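1. got a predicted model here, sequence first, then my questions.
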Amino acid sequence: MLEQCRNHEMTFIEPRRFAAKFVVFALVATLGCPVFAGPETTSPRSDERALGEPFPYPAGDAVADERENSAAAIFYRAVTLYRNGMARQALAAYDEIVRRFGDSPYPETRTWVIRALFNKGGTLAIQGRRAEAAAVYDEAERRFANDETLAIRQMLFGALLNKSTTLVNDPQARIAILDRLDRRFSRDSSAGIRAWVVDALNDKGMILNQLGRFGEAVAVFDDIDHRFGEDETPVIREQTVRAFVNKGIVLGTQGRHAEAAAVTDDIERRFGHETSPAIREALAKALVNKGVALARQGRHGEAIAVYDDVERRFARADTPAFREQVARARNYKRGMETENKNRLPPKN
């Protein structure tokens, strides 16, 4: 995933992570099955109900009220059992929810059913029962493929992502799952879910890059820009910038350094005015990568000027992401100003 040389390296922007969205009901952190592994989490957005909030009962619907209370009680009993090391009993409790409430017409109750399936799949995965876990996620898809309830759509998205990232080893099979997510959710009414689709596409592009299918990877990142580049939703704009950065890296791995540097110029032109911390962090990373691309072309003076610009613009930002990029810029500049400044370090 990384294109490296001794003193200069380009680094990918990883996809944003969804574990925080699912941790309350799906025990993502506890089970060790993050939907996307990595450094960032997605905060709940205004168009979505956070999964940790109670879902309102239909007014005057005593049956739905009672059924949801029962399903919720069993669910939390299963969570407690798992946390106490009683995974087998927890799995039985999740099965009880599906058996008793799987045919419920009430969206609130059905939401507990997909949460139970989600957790059951995660528990099986932790036990190494990968085929059974995949079958549970497939069952969730069969049951809820056409459900319009927002919380259910969120959990279904997460189930398919878990299958892609933790249960499927074949890269082509992972790409197929990500393509299904794209087809199913790219026009979802929830801006938050659409942002997750962009994440999935970014992941697809990086998988293609790992396979050496560089042209296809670039095409995926271009597709993100074509489809989502004009979207004003902040989190989608952040994902679009990440696609640009990753596109520059892929171009760099092909030795297309002038094009890689031009991608950073495009990021700055289109997003340089943004105040979002995530976008500014991506810009800082892109600028350092531009310095790498210039250095690879032997344009050392221009590369040093870029590194100086990174330090000037971001040195006072007191967050780890900015400090990392400033440190990269300083290290690369220092290396170029040594006695070997006129010779590019060999690639690993």
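-> Everything's here; your move.
2. how much space separates the closest residue to Val310 other than its chain neighbours from Glu274?
-> Distance criterion C-beta to C-beta, 6 or more residues apart in numbering; nearest residue to Val310, sequence neighbours excluded, is Ala329 at 4.0 Å. C-betas here are computed from N, CA, C, even on glycine. Ala329 sits 20 Å away from Glu274, going by C-beta to C-beta, to the nearest Å.
3. re the thing from before, pull the contacting residues for the residue nearest to Val310.
-> Leu287, Val288, Gly291, Val306, Tyr307, Asp308, Val310, Glu311 (C-beta atoms under 8 Å, 6 or more residues apart in numbering).
4. 7 Å instead?
-> By C-beta atoms under 7 Å, 6 or more residues apart in numbering, the contact list for Ala329 reads Val288, Gly291, Tyr307, Val310, Glu311.
5. so which bits of stretch 146-155 are buried?
-> Along stretch 146-155, the positions that meet the burial threshold by neighbour count (16 or more other C-beta atoms under 10 Å) are Asp147, Thr149, Leu150, Ala151, Ile152, Arg153, Gln154, Met155.
6. so which of the residues you listed are in helices?
-> Leu150, Ala151, Ile152, Arg153, Gln154, Met155 (DSSP state H).
7. any weak-confidence spans in the chain?
-> Where the chain drops to pLDDT under 70, the residues are 1-69, 339-348.
8. again, 80 this time
-> Where the chain drops to pLDDT under 80, the residues are 1-69, 165-168, 337-348.
9. which element is Tyr82 on?
-> Assigned by DSSP states H and E, Tyr82 belongs to helix 62-83.
10. right, I mislabeled it, should have said Ala327
-> Going by DSSP H and E, Ala327 is part of helix 320-336.
11. just the buried positions in that helix, please.
-> Within helix 320-336, judged by 16+ other C-beta under 10 Å, the buried ones are Ala321, Phe322, Gln325, Val326, Arg328, Ala329, Tyr332, Lys333, Gly335, Met336.
12. quick one: which of the ones in helices among the buried residues of stretch 146-155 is nearest Leu181?
-> Nearest to Leu181 out of those is Arg153 (C-beta to C-beta; 11.2 Å).
13. gap between that closest one and Ala71?
-> Counting by C-beta to C-beta, the gap from Arg153 to Ala71 is 19 Å.
14. my guess is Ala260 contacts Gly291, does it?
-> No. Distance between Ala260 and Gly291: 10.9 Å, which falls outside the contact criterion (C-beta atoms under 7 Å).
15. more neighbours: which of these two?
-> Gly291 (30 against 27; other C-beta atoms under 10 Å).
16. before we move on, the earlier item: among the contacts of Ala329, which are in helices?
-> Short answer: those in helices (DSSP H) are Val288, Gly291, Tyr307, Val310, Glu311.
17. out of those residues, what pair is the most spread apart?
-> Largest separation among the ones in helices among the contacts of Ala329 by C-beta to C-beta: Gly291 and Glu311, giving 11.0 Å.
18. got a list of what the closest residue to Arg77 other than its chain neighbours touches?
-> Counting by C-beta to C-beta, 6+ apart, Ala93 is the residue found nearest to Arg77 once chain neighbours are left out, at 5.5 Å. Counting by C-beta under 7 Å, 6+ apart, Ala93 touches Ile74, Arg77, Ala78, Leu81.
19. try it again with 6 Å
-> Shown in contact with Ala93 (C-beta atoms under 6 Å, 6 or more residues apart in numbering): Ile74, Arg77, Ala78.
20. show me where the stretch 151-300 of the chain has its helices.
-> For the stretch 151-300 of the chain, the helices defined by DSSP state H, counting those that start in this stretch cover 171-185, 191-210, 214-228, 234-253, 257-271, 277-296, 300-314.
21. can you put these in a markdown table and add distance to Thr111?
-> Below are the helices of the stretch 151-300 of the chain laid out as a markdown table (distance: least, C-beta to C-beta, whole Å):
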| stretch | distance to Thr111 |
| --- | --- |
| helix 171-185 | 17 |
| helix 191-210 | 15 |
| helix 214-228 | 28 |
| helix 234-253 | 23 |
| helix 257-271 | 37 |
| helix 277-296 | 30 |
| helix 300-314 | 43 |
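22. among these, which is nearest Gln127?
-> Of all the helices of the stretch 151-300 of the chain, helix 171-185 sits nearest to Gln127, with 21.5 Å by C-beta to C-beta.
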